[in-house]
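Peer 1: How does the following fold in three dimensions:
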Amino acid sequence: MTRFSFFALAALTLALPAGQAMAKPLRNGGKLLLTNGISSLEGAAGGGLTPWAVIAGNETDEGFGLSAHGTIVEVKDYDYQSAGVAIGIRDRLELSYTHQDFNTNEIGAALGLGKDYAFSQDIVGAKLRVAGDLVYDALPAIALGVQYKKNGQGDVVRALGARDDEGVDYYASVSRLFLSRSILLSATARLTKANQMGLLGFGGDKNGDYGVEFEGSAAWQLSRGLAIGGEFRSKPNNLGIAREDDWFDAFAALSLSRHLTATVAYADLGSIATVKGQRGVFLSLQAAF
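Peer 2: Here you go, the predicted model:
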């Protein structure tokens, strides 16, 4: 299966039939376009690199929403793919699942793992909006989230220095859309010990404890269906052999229809698994109901 057929299957074959099957109970939703965000790399609704204090799906507090996504990241030496689904319950609670694959390509052979060696991970997440609203309340939207992560290559990540092949991230997000200026700002604090989101395990020979990392997004809505912006995500350094750099991106998100959003970004992921200069393109397609 090619990368592009995987992308199409993840976002269309998975998402659209599910949405059609649930069309009646889910209705058409009442949120403003793009205010449900896209699906982040780990599956939570928000930006591409970081969650926001929003709930997946198009529904308001009157119903249940659904989203599904497929994402590809192509950087200098590595390929990343993910697909997942999320359910939003009365615009208050979000439950999500995402599967990630990270292909080392030629670098796998240089690391002694074999050409095209791939790391994989499953992530189950939950997010609760505890106060405020993205647009309408006096308080900004405030949400608490948790992500359980299970790496599929336990023996390998331990050989690289990780202490475990599973872990839990905890985060808090604050997000606000200033509607009169069409500007969205979001900030997240994450308690984590994940190496490269957990794809290289959890904890390490340098540090095995939880640490607090910071993430942020800023977006400008140029029109009803188009937004541009940038994101930042700080990273821990737990592994002696593989320094992690902070992540940055610059993105454009386009609402193709009420239910379909396409996002493209230039991503700078720094050093990954000893190889510097990992920059490239982020592509994501999300269906939401």
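
Peer 1: quick one: low-confidence parts of the stretch 51-200 of the chain?
Peer 2: Residue ranges of the stretch 51-200 of the chain with pLDDT under 70: none are present.

Peer 1: ranges for the helices of it?
Peer 2: For the stretch 51-200 of the chain, helices defined by DSSP state H, counting those that start in this stretch occupy the ranges 105-110, 154-159.

Peer 1: Of those helices, give the one that comes closest to Arg279.
Peer 2: helix 105-110 (15.0 Å; C-beta to C-beta). To be clear about C-beta, it is placed using only N, CA and C from the backbone, and glycine gets the same treatment.

Peer 1: Can you give me the buried ones in that closest one?
Peer 2: Ile107, Gly108 (16 or more other C-beta atoms under 10 Å).

Peer 1: Distance check, the residue with the largest distance to the centre of the chain against Thr104.
Peer 2: In the chain, the residue that sits farthest from the middle, by C-alpha atoms, centre = their mean, is Gly112; the gap is 29.2 Å. As judged by C-beta to C-beta, to the nearest Å, Gly112 and Thr104 stand 11 Å apart.

Peer 1: Could you do Leu254 as well?
Peer 2: 31 Å.

Peer 1: quick one, which of these two is more surrounded?
Peer 2: Ranked by neighbour count (other C-beta atoms under 10 Å), Leu254 and Thr104 place Thr104 first, with 22 against 15.

Peer 1: right, and the more buried one touches Asp116 too?
Peer 2: Yes. Judged on C-beta atoms under 8 Å, Thr104 makes contact with Asp116 at a distance of 7.1 Å.

Peer 1: Please enumerate residues in contact with stretch 144-160?
Peer 2: The contact list for stretch 144-160 (C-beta atoms under 8 Å, 6 or more residues apart in numbering) reads 42-44, 51, 94, 113, 119-128, 130, 164-173, 194-195, 197-202, 239, 241-242.

Peer 1: List buried members of these by neighbour count.
Peer 2: 42-44, 51, 94, 113, 119-125, 127, 164-165, 167-169, 171-173, 194-195, 197-202, 239, 242.

Peer 1: buried stuff in the host helix or strand of Leu254?
Peer 2: Using DSSP states H and E, Leu254 sits within strand 247-255. For strand 247-255, burial by neighbour count (16+ other C-beta under 10 Å) applies to Trp247, Phe248, Asp249, Phe251, Ala253, Ser255.

Peer 1: Return the closest of these with respect to Gly280.
Peer 2: Of the buried residues of strand 247-255, the one sitting nearest to Gly280 (C-beta to C-beta) turns out to be Asp249, at 10.3 Å.

Peer 1: Enumerate every residue touching the closest one.
Peer 2: Contacts of Asp249 (C-beta under 8 Å, 6+ apart): Gly48, Leu49, Gly230, Glu231, Ala265, Tyr266, Ala267, Asp268, Phe282.

Peer 1: Count residues in the vicinity of the spatially closest residue to the last one that is not a sequence neighbour, would you?
Peer 2: When you say that, I think you mean Phe282. Closest residue in space to Phe282, ignoring its immediate chain neighbours: Ala265 at 3.9 Å, by C-beta to C-beta, 6 or more residues apart in numbering. For Ala265, the count of nearby residues is 24 (other C-beta under 10 Å).

Peer 1: Quick one: residues contacting Ala265.
Peer 2: Ala265 touches Gly48, Asp249, Ala250, Phe251, Ala252, Val281, Phe282, counting by C-beta under 8 Å, 6+ apart.

Peer 1: how near is the last one to Glu106?
Peer 2: Remark: distance between Phe282 and Glu106 (C-beta to C-beta) = 21 Å.

Peer 1: rewinding a little: would you report which members of the contacts of Asp249 are assigned to helices?
Peer 2: Taking DSSP state H, every one of the contacts of Asp249 sits outside helices.

Peer 1: from those, which ones fall inside strands?
Peer 2: Gly230, Glu231, Ala265, Tyr266, Ala267, Asp268, Phe282 (DSSP state E).

Peer 1: So in terms of bridging, what pairs with the first one?
Peer 2: This points to Gly230. Ala218, Ala250 (DSSP bridges).

Peer 1: I'd like to know how many residues surround it.
Peer 2: Neighbour count of Gly230, defined by other C-beta under 10 Å: 17.

Peer 1: Am I right that it is in contact with Ala218?
Peer 2: Yes. Between Gly230 and Ala218 there is a contact under C-beta under 8 Å: 6.0 Å.

Peer 1: Would you confirm that Ala194 contacts Asn207?
Peer 2: No. Using C-beta under 8 Å, Ala194 makes no contact with Asn207, being 11.9 Å away.
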